[in-house]
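*Asks:* just coords:
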């Protein structure tokens, strides 16, 4: 999805599905990523995103965290479930988060990347280029914590102090 002539992070010749019901997000995304060969399909109802992805096989799906009928987390998880069931091919997903606190949820839903709003054209172009190159975009995750380690494998598993083996006292000596 890099520019074919210069290799910069400019998107061209791609199809992007954008799931949002906010006109300002549509305007910002299309202004930042639009080009003569770029097609956009805007889904204002999150419940139809999986169907649109199945029918159109986009290069990228950008989902807003807040979409009236079905939010970005649910849309992304729905795509991943349909993918695991063989109903849709894999589609790269970039999420647009509202705040830093949403990062934990974004880590859990299987998106290739996320940005924290407000978004700007340069950050968006860099994120899309990185995802196109197979990289993850993990804005808001501390640089000292690798993304794979930042996600707990089983958040439902609780550790009780009674389950932890006691250390034996060191011999006196």
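*Replies:* The structure has been received and is ready for your questions. On a predicted model such as this, the values are computed, not experimentally measured, just so you know.
*Asks:* Do a quick rundown of the strands in this structure.
*Replies:* Ranges of strands in the chain, per DSSP state E, are 15-19, 39-43, 60-64, 93-97, 113-116, 137-138.
*Asks:* Tell me which residues are up against the second one.
*Replies:* Spelled out, it's strand 39-43. 14-20, 26, 29-30, 34, 49, 52, 56, 58, 67 (C-beta atoms under 8 Å, 6 or more residues apart in numbering). C-betas here are computed from N, CA, C, even on glycine.
*Asks:* Could you tell me the angle between that strand and strand 60-64?
*Replies:* 40 degrees (axes from the mean of the first three to the mean of the last three C-alpha atoms, to 10 degrees).
*Asks:* Would you convert the strands of the chain into TSV that also reports mean pLDDT, distance to residue 85 and mean neighbour count?
*Replies:* As requested, the strands of the chain are exported to TSV (pLDDT from 0 to 100; distance: least, C-beta to C-beta, whole Å; neighbours: other C-beta atoms under 10 Å):
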stretch	mean pLDDT	distance to residue 85	mean neighbour count
strand 15-19	97	19	23
strand 39-43	96	20	17
strand 60-64	97	17	25
strand 93-97	96	17	26
strand 113-116	94	23	22
strand 137-138	92	26	21
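*Asks:* Dump the ones you listed into a markdown table; add distance to residue 73 as well.
*Replies:* Output for the strands of the chain, formatted as a markdown table (distance: least, C-beta to C-beta, whole Å):
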| stretch | distance to residue 73 |
| --- | --- |
| strand 15-19 | 11 |
| strand 39-43 | 15 |
| strand 60-64 | 8 |
| strand 93-97 | 8 |
| strand 113-116 | 10 |
| strand 137-138 | 16 |
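*Asks:* So residue 45 versus residue 138, what's the distance?
*Replies:* 28 Å (C-beta to C-beta, to the nearest Å).
*Asks:* can you check residue 130 too?
*Replies:* Taking C-beta to C-beta, one finds residue 130 at 10 Å from residue 138.
*Asks:* cool, residue 43 as well?
*Replies:* For residue 43 relative to residue 138 (C-beta to C-beta), the value is 24 Å.
*Asks:* Please apply the same query to residue 99.
*Replies:* 15 Å.
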